[in-house]
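Asker: Here is a sequence with its predicted model. Questions after.
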Amino acid sequence: MELTAREPLADAELNALFAAAWPGHRDTSFAPVLERSLSWIAARREGRLVGYVNVAWDGGVHAFVLDTTVHPDERRRGLGVRLVRAAAEAARGAGAQWLHVDHEPHLGDFYARCGFRPTAAGLLAL
């Protein structure tokens, strides 16, 4: 398994990964997201994209984990934790001092294994 940071990614391969991992995913262009990202981590097995996580940021010291995605064939093997930890290292290397993640309650144990601790946060649907 190879993990890379900021590797060029094609919409077709990202859409294929997201379609496999997220029910109801609709094809989209990822270029606007990636061009504004601090970093992203891609995981490949034998050349095939099997994992991805995006690191968004505020332009300052705060970075945000978004879209942690692992292909269903690769789940439960530690890849998600490896992706998020690599994202944390990329954010640290780029000067971020804080890494945030919002997640659904059932993912709390996963993000704890990645090194996150719970905090209070707010959410407003727009």
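Answerer: That came in fine, so what should we check first? Numbers count the residues shown, from 1 in each chain.
Asker: Next secondary structure after the top helix by length along the chain?
Answerer: Longest helix in the chain by number of residues (criterion: DSSP state H): helix 79-93. The helix or strand immediately downstream of helix 79-93 is strand 98-101, counting by DSSP states H and E.
Asker: Run through who's touching that next one.
Answerer: Residues from elsewhere that reach strand 98-101, judged by CB atoms under 8 Å, 6 or more residues apart in numbering: 55, 61-65, 84, 87-88, 91-92, 111, 114, 116. Just so you know, the C-beta spots here come from the backbone N, C-alpha and C atoms, and that holds for glycine as well.
Asker: follow-up on the earlier one: for the longest helix of the chain, name the packing helices and strands.
Answerer: Where contact means 3 or more CB pairs under 8 Å, 6 or more residues apart in numbering; DSSP states H and E, helix 79-93 is packed against strand 2-5, strand 39-45, strand 48-57, strand 62-70, strand 98-101, helix 108-113.
Asker: hmm, who's touching the third one?
Answerer: What it means is strand 48-57. Under CB under 8 Å, 6+ apart, the answer for strand 48-57 is 1, 3, 9, 13-14, 16-17, 33-34, 36-44, 63-71, 73-74, 79-80, 83-84, 86-87, 90-91, 94, 96, 99.
Asker: Can I have the buried ones of those residues as a ChimeraX selection?
Answerer: Buried subset of those, written as a ChimeraX selection, criterion 16 or more other CB atoms under 10 Å:
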select :3,9,13,14,16,17,34,37,38,39,40,41,42,43,63,64,65,66,67,68,69,70,71,74,79,80,83,84,86,87,90,91,96,99
